[in-house]
Every structure is written in structure tokens, then in C-alpha cells.
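[1] With the sequence up front, the predicted model follows.
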Amino acid sequence: MNPVKFSIIVPVFHEAERINDLIGHLRQLDSEKTCEIIVVDGARERDTLEAIHTNDVVKISSEKGRAKQMNVGASVARGKILVFLHADTELPIGALKKMDAVVEKGYMAGAFDLGIQSNQLIFKVIAFLGSLRSRLTRIPYGDQAIFIRKEYFTKIGGYKEVPLMEDVELMRRIKRFGNKIWIFYDRVMTSPRRWEKEGVIYCILRNWILQTLYFLGVPADRLARFYTVATEGERGLSNGISNEE
């Protein structure tokens, strides 16, 4: 049996419908059986964990919060490379070997270009701009499948447990320490569901505002309050209900 080289950590919150498809996809990529899959459920109901069909997955309950869930997963991981993967995102073919090769070259962390599972032009534009942004700033986001050496992740203190921008904060910290971040041209493929649910233009504008404010120094806690108000406001408008009701 091959030693565990990768720990793929999937933070989830009510993802019962898609979790088995993701696990199946990851198992197809891992023909040499070098990775473990760790699913960390932030829902009190544990519905995602209960839905998992296979027994070869590490299943953990945690407090809600993506940063908290990923840190919990990392704390039990056995692999030398941690891969933080959203439940609605798929890795490209050959991703594991390519990540291993980059880490062997001395890189501490990296990610992939962004792809979105849609043929609509607007989503192709979003993916292009997202990938361009990460290449210019060398700061990839969580939906680009961030990977990092476990030893280094532990050394720098893991994710800061903030309600938003935990991925950006981690990447900026790595850059401040003088370490380079590798970004593959290979694309992960993520679901367009959040854009479709909230409205494409609304979602883009809100995210741009949040990102700009964060880079200007607005604390993540304050941005989280803005995000909650904005999201609830959009839901209220879509249902014909005002925020005051």
C-alpha cells in the first residue's frame, strides 16, 4: 500500500447531493492511491457525512466556518501536501502528479486557473478575469483549489479563522514571508451555482466591492456583516420582501 502523499480536505455545509460525485471524481484521479479524502461537515445535522456511501473517507464534524473546517481537516491530515477543495469544484486530470512535482521544486503553495462548468459567455469571461487576476497578484482564491505543504501550513499557523477572505489572507501571508506561489494553467472546473442563484451581475459587483474593501484594509468581520446584509437583501428582493419586514 502506497503511503499517503496528499490530503484532500473538503469543507462542506449541506452538500449531500453532490458529495459522492466529488469523491468518485477524486478516486478516478488517484489511480496510485496516494491520497486521503477528508470531509469536514460544518452542519449540525451532519447530513453530508451521512450521505457518503464509501468507508474510505475521513469524516469529521466541526463548527461552521470554512476556515475552521479546513484547519480541523488539516490537523488530522497524514499527507505531506494539503489540497483544500470546495465541494462544487473538480480537479483537472493529472493534478496530483503536477502538484507533487511543483512541491518537489521547492514551492510551498499553489493553485490552478479558474474554470466554470458552463458554456455561457459570461461565465467564460468570469473565469478568464479570475485567472488573470490571480496571475497578476499571485493571490489565488479558494475556488482555485489551493494546495500547500503541510509542514509549512502548520508552521505559519494555518488559516486565520475569519468569516471571509481566509484564502486571500493566507496567500498574502505566504507572499509576505517571501515564498512564491505557483499557479497552473490547468483549470479546475467549478459549478456556476452561486452566480446562478444570486444573479450574475449582482454576484460580480458584490464580490468586487468586498475584495476592494478588503485590500484597502477593511477587517473581514466588518465585510462579513456587509456580505450578510447584501445577500439577505437580494433574497428579500427576489421574494418580493423588503429587509424591514
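    Yep, that arrived.

[2] and the helix or strand encompassing residue 129, what other elements does it pack with?
    Residue 129 is part of helix 121-137 when elements are defined by DSSP states H and E. Packed against helix 121-137 by the contact rule (3 or more CB pairs under 8 Å, 6 or more residues apart in numbering; DSSP states H and E) you find strand 109-116, strand 181-190, helix 200-215. All C-beta atoms are positioned from the backbone trio N, CA, C, and that covers glycine.

[3] could these go into CSV alongside mean pLDDT?
    Compiled in CSV, the helices and strands packed on helix 121-137 are given as follows (pLDDT from 0 to 100):
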stretch, mean pLDDT
strand 109-116, 98
strand 181-190, 97
helix 200-215, 87
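
[4] Ok, which of those comes nearest residue 53?
    Smallest distance to residue 53 across these (CB to CB): 22.5 Å, for strand 181-190.

[5] next one: that closest one to chain centre, how far?
    12 Å (CA atoms, centre = their mean, to the nearest Å).

[6] swap in stretch 48-63?
    With CA atoms, centre = their mean as the basis, stretch 48-63 stands 18 Å off its chain's centre.

[7] buried set for that stretch?
    Within stretch 48-63, the residues scored as buried using 16 or more other CB atoms under 10 Å are 48-49, 51-52, 57-58, 60, 62.

[8] Now for residue 186: which residues touch it?
    Counting by CB atoms under 8 Å, 6 or more residues apart in numbering, residue 186 makes contact with 92, 94-95, 98, 112-113.

[9] quick one on the thing from earlier: give the rounded mean pLDDT of the following helix or strand past the helix holding residue 129.
    The C-terminal neighbour of helix 121-137 among helices and strands, as given by DSSP H and E, is strand 146-149. Here strand 146-149 scores 98 as its mean pLDDT.

[10] Run me through the strand neighbours of strand 146-149, direction for each.
    Strand 146-149 has these partner strands in its sheet, going by DSSP bridges: strand 81-84 (antiparallel), strand 109-116 (antiparallel).
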